[in-house]
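J.: return a 3D structure for these sequence lines:
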Amino acid sequence: MKPPSSFPRRHLLQAGLALGAGALLPPAQAESPLLTRPVPSTGVRLPIVGIGTNRFSSGVPTYFARLRDTLTAFAKLGGKVVDTAPAYGDSESVIGAILGETGLREQLFLATKVGRESAADGRESLAQSFAALRSRRLDLVQLHSLRGVESVLPVLREQQAAGHIGHLGITTSTASQYAEMEAVMRRERLDFIQVDYAVGNRGAAERLLPLAAERGMAVLVNLPFGRGAQFRAVGSRPLPEWAAEIDCRSWAQVFLKYVLSHPAVTCAIPGSTQVVHVADNLGAARGRLPDAALRQTIARYFDAIADG
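T.: Model prediction:
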């Protein structure tokens, strides 16, 4: 079988920046529907690729325009999950301004975080997030890096009961917190967890992902590209022949489809600040996903590169 063409992101940018969002997708992918999965606790269905906004910042006006175009393209292509946090600079304010200009709020599943230790500080942070995001209701609020489980989680439960928050969760992006996250997952009722997981960082699959499935918790995956290390590892290598078996046209799609093929994963949220990256990433939410055998093949392939 002839492998699909591999499109390094810099080439996609040069070739497609001036095109509309839909034009950035190959016809076969454009015609394929986005795969979705349900949130176990509520049944809300979400496309399996979202967007992380750690690098959203007001900066200069031209950069704001790029972010607006990126989020608009994301929604136009069917994306829904937008993940932000007060810790991401002025990301919340930028997103709020974009939503105000574009009217996209109702099309998106808006998630943010609270990273405070006390109940009073948690209330203040949450109020600031509502204001910055210009929204009366947030679809998901998470305790950032497990901060405030004992003190702030009750505040979030109050807001959820009042209808101001749709779902509650906890996050981490480091293996040093896995044991603590597991303990919280076992004793608390949660709708979501968010954790780092990638083909080059598979530790979360040992205990956290199976536990999330057991406990009926949706899983958001951050850092699915391993902070860029996976792109550096593959470099300019062409895609292997097996990439065609899962409809991949880029390394980003291979990396994402590996993550998304884990049955406990609900949605991956790669960071994106460019239209072409959004289109490429959402391509991973279309077509076939790896089965168990191909997952092993992908892991072995990447391990061999990383070890080499």
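
J.: give me the pLDDT value at G308.
T.: If you check G308, the pLDDT there is 71.

J.: low-scoring stretches of the stretch 151-300 of the chain, by residue?
T.: Applying pLDDT under 70 to the stretch 151-300 of the chain picks out no residues at all.

J.: okay, helices next: where are they in it?
T.: Using DSSP state H, counting those that start in this stretch, the helices of the stretch 151-300 of the chain run over 153-161, 178-187, 208-215, 229-234, 251-260, 275-283, 292-307.

J.: mind listing the residues bridging to the closest residue to V265 other than its chain neighbours?
T.: Sequence neighbours aside, V219 is the residue nearest to V265 in space, at 5.0 Å (criterion: CB to CB, 6 or more residues apart in numbering). For the C-beta atoms, the positions are set from N, CA and C on the backbone; glycine is no exception. Beta-bridge partners of V219, counted by DSSP bridges, are I193.

J.: just R37 next, same as before
T.: Under the criterion used (DSSP bridges), R37 bridges to L46.

J.: and stretch 172-179, how far out from the chain middle?
T.: Stretch 172-179 has its C-alpha centroid displaced from the chain centroid by 17 Å (CA atoms, centre = their mean, to the nearest Å).

J.: can you mark which positions in that stretch are buried?
T.: Of the residues in stretch 172-179, T172, Q177, Y178 count as buried by neighbour count, 16 or more other CB atoms under 10 Å.

J.: Three-state assignment for D139, please.
T.: Assigned by DSSP: H, G, I helix; E, B strand; the rest coil, the conformation of D139 is strand.

J.: that one against L110, yeah?
T.: Yes: with contacts counted by CB atoms under 8 Å, D139 reaches L110, the gap being 5.1 Å.

J.: with neighbour numbers in mind, choose between the two.
T.: Between D139 and L110, L110 has the larger neighbour count (other CB atoms under 10 Å), namely 24 against 20.

J.: may I have the strand or helix carrying that one as PDB, with CA atoms only?
T.: Counting by DSSP states H and E, the element that carries L110 is strand 109-114. C-alpha atoms of strand 109-114 as PDB (Å, rounded to 0.1, in the frame of the first residue of the first chain):
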ATOM      1  CA  PHE A 109     -17.600  23.500  24.900                       C
ATOM      2  CA  LEU A 110     -15.700  26.000  27.100                       C
ATOM      3  CA  ALA A 111     -13.400  24.700  29.800                       C
ATOM      4  CA  THR A 112     -11.200  26.600  32.200                       C
ATOM      5  CA  LYS A 113      -9.500  26.000  35.600                       C
ATOM      6  CA  VAL A 114      -9.200  27.300  39.100                       C
END
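
J.: which other helices and strands contact that strand?
T.: With contacts defined as 3 or more CB pairs under 8 Å, 6 or more residues apart in numbering; DSSP states H and E, the secondary structure elements packing on strand 109-114 are strand 81-83, helix 119-133, strand 138-143.

J.: tell me which strands the shortest one pairs with, and in which orientation.
T.: It refers to strand 81-83. Strand pairing (DSSP bridges) places strand 81-83 next to strand 51-52 (parallel), strand 109-114 (parallel).

J.: out of the ones you listed, which is closest to I305?
T.: strand 51-52 (24.6 Å; CB to CB).

J.: poorly predicted segments of the stretch 1-150 of the chain, please.
T.: By pLDDT under 70, the low-scoring segments of the stretch 1-150 of the chain are 1-31.

J.: okay if I get the strands paired with strand 81-83 as CSV plus distance to D307?
T.: As requested, the strands paired with strand 81-83 are exported to CSV (distance: least, CB to CB, whole Å):
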stretch, distance to D307
strand 51-52, 28
strand 109-114, 35
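
J.: among those strands, which comes closest to F255?
T.: Of all the strands paired with strand 81-83, it is strand 51-52 that lies closest to F255, at 14.1 Å by CB to CB.

J.: rewinding a little: which among the helices and strands packed on strand 109-114 is found nearest to I193?
T.: Among those, if distance is taken as CB to CB, the winner is strand 138-143, at 8.5 Å.
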